[in-house]
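Chemist: starting from these lines, generate the structure:
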Amino acid sequence: MKLGDFFVRLRRYGGLALGLWVVLLTTGCGDTPWNSPYPASELRGNVMFAAFDARPKHLDPARSYAANEYRFISQIYEPPLQYQYLKRPYTLIPATVSTMPRAEFFGDKGQRLPDDVSPQSVAYTVYEIHIRPGIRYQPHPAFAVDADGKPIYLHLTAADLSDINTLADFPKRGSRELTAADYVYEIKRLAHPQLQSPIVGLMGDHIVGMREYQKTLQKALDQHKTQGEGEGFLDLDKYPLEGATVVDRYTYRIKIRGVYPQFLYWLSMPFFAPLPKEVDQFYAQPGMAEKNITLDWYPVGTGPYMLTVNNPNRRMVLERNPNFHLETYPSEGDPGDKEAGLLDDAGKRLPFVDKVVYSLEKESIPYWNKFLQGYYDSSGISSDSFDQAVRIGSQGEAVLTAAMRKKGIRLETAIGASTYYMGFNMLDPVVGGLDERGRKLRQAVSIAIDQEEYISIFANGRGIPAQGPIPPGIFGYRDGKEGMNPYMYDWVNGAPRRKSLDVARQLLAEAGYPNGVDAKTGAPLLLHLDITATGPDDKARLDWYLKQFQKINIQLDIRNTDYNRFQDKIQKGSAQIFLFGWNADYPDPENFLFLLYGPNAKVKSQGENASNYDNPEFNKLFDQMKDMPNSPARQTVIDRMVVIARRDAPWVWGFHPKGFSLYHAWLKNAKPNLMANNTLKYLRIDPELRAREQLEWNQPVLWPFGVVILLLVLGSLPAVAVYRRRLHSPIKRS
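Modeler: Residues are numbered from 1 along each chain as shown. As a prediction, this is how the structure comes out:
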């Protein structure tokens, strides 16, 4: 290369490098981090940033029953009741009702019964529900009317919809007041055959006339098809439901068979949120579903937020509902809440945040890194990140690492209202049965499976071993020595200690399998575990289970299958041993003990009793317990039920998970609430603090560019020297 060409390139590329360095330096000195995934207006606005990892399948309150769906719809829809945000144990309070509903009891001849009547004497219960006037729906095209009060967007033709592709393409919006009829309409929708609500079977057992109403609606749909009307709008107002009736504009009644005090908990769930008929009619118009303009995509409610962006492959956005009614932050909480600053906003109007941006994050590592950069306001802790965030102290307590504390991050923990267990199929000839042989075999396996070790290895210590079916925080749970399972533990030095493997081996021998060998046939005992394992970490878990059974010389055959096949085995009762879990629908012991109630057996009735456990004494006590109010008498019955279940051991009592949540310093009022899903309205953001921290934590690293420029300069010096010598050397004459 000629020296002239070299200097031309040096000036060109050196100038580009220097220019890039100047640009980066200028960007790094601005008021917005150079690597921000959000626009500057959002970063400095009253906006929360969160993530979701899977597309919500249903946003229709009659169909939705998944946590990743509830995180959105619970901010939009308002059932009549809700949980007090701060108090524990969990307490129901009004949401849209003026007063808490009271149960009125009636006999089989319709006579009013006293409040202290025996549940066995009650034919049905009536709840009269009064909603507050003045509550209004979010703006929506379904409520838009013309000067005569007629709906603008009803009876739309194909031509009308030709330029409509999303809900935002409808130019006009409207609103109206919430009425009692809207709540009754939604209860009727639970029985709609086309919706296939996941709770219609359960509600059919309780709401008077619900099962018959299903048949009525199915007959009406069949008539529509016969008349050539297809599967369009079905006006539910034309079909009365005995169990849900309108009294007046702000009052409705729900009629329940017998006594079911847990029904009030259901009134805090989106299933019982209001749904206006005109919204149902709007979405049922021909051509809407083809454009994905449905209630499953565009929910409509009276809650504090409305869904304004639904792009589940990238981003979902909730924004403040401009019509949200007056609601204030709670003024009461638990001991210590005031000192923790959780009552600083007492009495202030909700919600605090204007907008919540959810970004799709399918992988945990990018999500975690963005949280550390300040681009997400809160985070859970995956196993991969646990050691980076938390240290377990000498007493087993969890504390944040120094790096987390330096960033001002807070840690909140809470035992979940959940239980994970290994179930035995009680119909199986080997592991099932209520005789001593089956009991002792199951007890031996229960002792051998070291839940403490499992929690330590696979859950990073985030959980406590279960002593029975009821988790902490639920009425009926016992702590300390009186809450210990004596079939699996001994009380030693003020704490439960798992019984030794010698005890497990002795129980195994008494069951007819000395040293893991069938005493009758001489064959090794072989048990089968059905599981759905798909992730890379599952092999280590499965190897661990193999070792647990090997400790008492039981051979374990692990049968891995897909989820649908696994469900089929559970329903048919062909699985022998399986892994299962349960998250509480509501904070009542009935919601856990019914998992062991004989009439709920999976094979017999397709209920939630996956173990098909059926002990007549347990069943009788359950029938007595389920309708009792929380009281010492109810506790006594529960204690007896737990004793029976521990002895029979239909489950290996696994563990109750412990949730770990991290919050940045700028996120205020965060307190884990394992029952409520509508907690977004209580959270507050300090945008200025967040902006400062984001800028500090995301300063660009510019020194490598400076090094590159310096190397270019230094590398050019010899060539410059040669060039200068040639330039100034005397010309040789020939």
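Chemist: can I see the domain layout of this protein?
Modeler: For the chain, the structural domains run 3-34+700-728, 66-298, 418-659, going by automatic domain parsing.
Chemist: just give me the lowest mean pLDDT stretch among the ones you listed.
Modeler: Among these, domain 3-34+700-728 carries the lowest mean pLDDT, at a mean of 61.
Chemist: can you map out the helices along the stretch 601-734 of the chain?
Modeler: For the stretch 601-734 of the chain, the helices defined by DSSP state H, counting those that start in this stretch occupy 602-605, 616-625, 632-648, 687-697, 703-728.
Chemist: please apply the same query to the stretch 401-550 of the chain.
Modeler: Under DSSP H, counting those that start in this stretch, the stretch 401-550 of the chain gives helices at 402-406, 436-448, 451-458, 501-510, 538-550.
Chemist: pLDDT (mean, whole number) over the shortest one?
Modeler: In other words, helix 402-406. Per-residue scores along helix 402-406 average to 95.
Chemist: report the buried residues of it.
Modeler: Neighbour counts over helix 402-406 (16 or more other CB atoms under 10 Å) mark residue 404 as buried. (C-beta placed from N, C-alpha, C; glycine too.)
Chemist: could you point out the longest strand in this structure?
Modeler: strand 651-663 (DSSP state E).
Chemist: tell me what angle that strand forms with helix 451-458.
Modeler: 40 degrees (axes from the mean of the first three to the mean of the last three CA atoms, to 10 degrees).
Chemist: mind listing what the residue nearest to residue 473 when sequence neighbours are not counted touches?
Modeler: Using CB to CB, 6 or more residues apart in numbering and skipping the chain neighbours, the partner closest in space to residue 473 is residue 417 (5.9 Å). Residues counted as contacts of residue 417 (CB atoms under 8 Å, 6 or more residues apart in numbering) are 471, 473-474, 583-584, 587, 674-675.
Chemist: can you pick the most crowded of those?
Modeler: Greatest neighbour count in the contacts of residue 417, by other CB atoms under 10 Å, goes to residue 471: 26 neighbours.
Chemist: CA atoms only: put stretch 351-366 into PDB for me.
Modeler: Provided in PDB are the C-alpha atoms of stretch 351-366 (Å, rounded to 0.1, in the frame of the first residue of the first chain):
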ATOM      1  CA  PRO A 351     -54.700   3.600  41.900                       C
ATOM      2  CA  PHE A 352     -51.300   5.300  42.200                       C
ATOM      3  CA  VAL A 353     -49.700   4.200  38.900                       C
ATOM      4  CA  ASP A 354     -50.900   5.500  35.600                       C
ATOM      5  CA  LYS A 355     -49.600   2.800  33.300                       C
ATOM      6  CA  VAL A 356     -48.100  -0.700  33.600                       C
ATOM      7  CA  VAL A 357     -46.000  -2.100  30.700                       C
ATOM      8  CA  TYR A 358     -45.600  -5.900  30.500                       C
ATOM      9  CA  SER A 359     -42.900  -7.200  28.300                       C
ATOM     10  CA  LEU A 360     -42.600 -10.800  27.100                       C
ATOM     11  CA  GLU A 361     -39.600 -12.600  28.700                       C
ATOM     12  CA  LYS A 362     -39.500 -16.300  28.000                       C
ATOM     13  CA  GLU A 363     -36.100 -16.800  29.500                       C
ATOM     14  CA  SER A 364     -35.200 -16.100  33.100                       C
ATOM     15  CA  ILE A 365     -31.700 -14.800  32.600                       C
ATOM     16  CA  PRO A 366     -32.600 -11.800  30.400                       C
END
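Chemist: shouldn't residue 191 be in contact with residue 214?
Modeler: Yes - if you go by CB atoms under 8 Å, residue 191 and residue 214 touch, sitting 4.5 Å apart.
Chemist: give me phi/psi at the nearest residue in space to residue 613 that is not next to it in sequence?
Modeler: Nearest residue to residue 613, sequence neighbours excluded (CB to CB, 6+ apart): residue 650, at 3.9 Å. The phi/psi pair for residue 650 (degrees, to the nearest 10) reads phi -70, psi -20.
Chemist: from residue 556, how far off is residue 650?
Modeler: Per CB to CB, to the nearest Å, residue 650 is found 19 Å from residue 556.
Chemist: ok so, going back, direction included, what does the longest strand of the chain pair against?
Modeler: Partner strands for strand 651-663, per DSSP bridges, with pairing direction: strand 378-379 (antiparallel), strand 410-415 (antiparallel), strand 418-424 (antiparallel), strand 463-465 (antiparallel).
Chemist: how much space between residue 221 and residue 192?
Modeler: Residue 221 is 9 Å from residue 192, by CB to CB.
Chemist: now do residue 253
Modeler: Taking CB to CB, one finds residue 253 at 21 Å from residue 192.
Chemist: with neighbour numbers in mind, choose between these two.
Modeler: residue 192 (20 against 17).
Chemist: leaving out the residues flanking it, which one is nearest to the more buried one?
Modeler: That would be residue 217: by CB to CB, 6+ apart, it lies 5.8 Å from residue 192.
Chemist: look up how far residue 580 lies from that neighbour.
Modeler: Residue 217 is 33 Å from residue 580, by CB to CB.
Chemist: from residue 662, how far out is residue 382?
Modeler: Counting by CB to CB, the gap from residue 382 to residue 662 is 11 Å.
Chemist: oh, I was asking about residue 558
Modeler: Taking CB to CB, one finds residue 558 at 35 Å from residue 662.
Chemist: what do you get for residue 458?
Modeler: From residue 458 to residue 662 the distance is 20 Å (CB to CB).
Chemist: between these two, which one's more packed in?
Modeler: Using other CB under 10 Å, the more surrounded residue of residue 458 and residue 662 is residue 662, with 25 against 14.
Chemist: is that one in a bridge, and if so with what?
Modeler: residue 379, residue 411.
Chemist: residue contacts, residue 448?
Modeler: 501, 504, 548-549, 551-552, 554 are the contacts of residue 448 under CB under 8 Å, 6+ apart.
Chemist: overlap of the contact sets of residue 221 and residue 192?
Modeler: What both residue 221 and residue 192 touch, as defined by CB under 8 Å, 6+ apart, is the set residue 234.
Chemist: which one's more surrounded, residue 217 and residue 580?
Modeler: residue 217 (21 against 16).
Chemist: pretty sure that one contacts residue 234?
Modeler: Yes - contact criterion CB under 8 Å: residue 217 and residue 234 qualify, at 6.7 Å.
Chemist: how many neighbours does residue 614 have?
Modeler: 19.
Chemist: mind starting the numbering at 6 from now?
Modeler: Renumbered: residue one is now 6, and that last one reads residue 619.
Chemist: which of the residues in stretch 214-226 are buried?
Modeler: For stretch 214-226, using 16+ other CB under 10 Å, the buried residues are 214-215, 218-219, 222, 226.
Chemist: among the residues you listed, name the ones in helices.
Modeler: 215, 218-219, 222, 226 (DSSP state H).
Chemist: re the thing from before, what sits against the residue nearest to residue 618?
Modeler: Counted by CB under 8 Å, 6+ apart, residue 655 has contacts 428-429, 431, 447, 601, 616, 618.
Chemist: that one and residue 644: what is the separation?
Modeler: 18 Å.
Chemist: just residue 481 next, same as before
Modeler: From residue 481 over to residue 644 (counting by CB to CB), the distance is 8 Å.
Chemist: who's more crowded, these two?
Modeler: The neighbour comparison of residue 481 against residue 644 (other CB under 10 Å) goes to residue 481, with 22 against 15.
Chemist: OK, contacts around that one?
Modeler: 475, 594, 598, 639-640, 643-644, 647.
Chemist: surely residue 311 touches residue 321?
Modeler: No - using CB under 8 Å, residue 311 makes no contact with residue 321, being 11.8 Å away.
Chemist: ok, these two, which is more surrounded?
Modeler: residue 311 (24 against 21).
Chemist: name the SS class of the more buried one, please.
Modeler: strand (DSSP: H, G, I helix; E, B strand; the rest coil).
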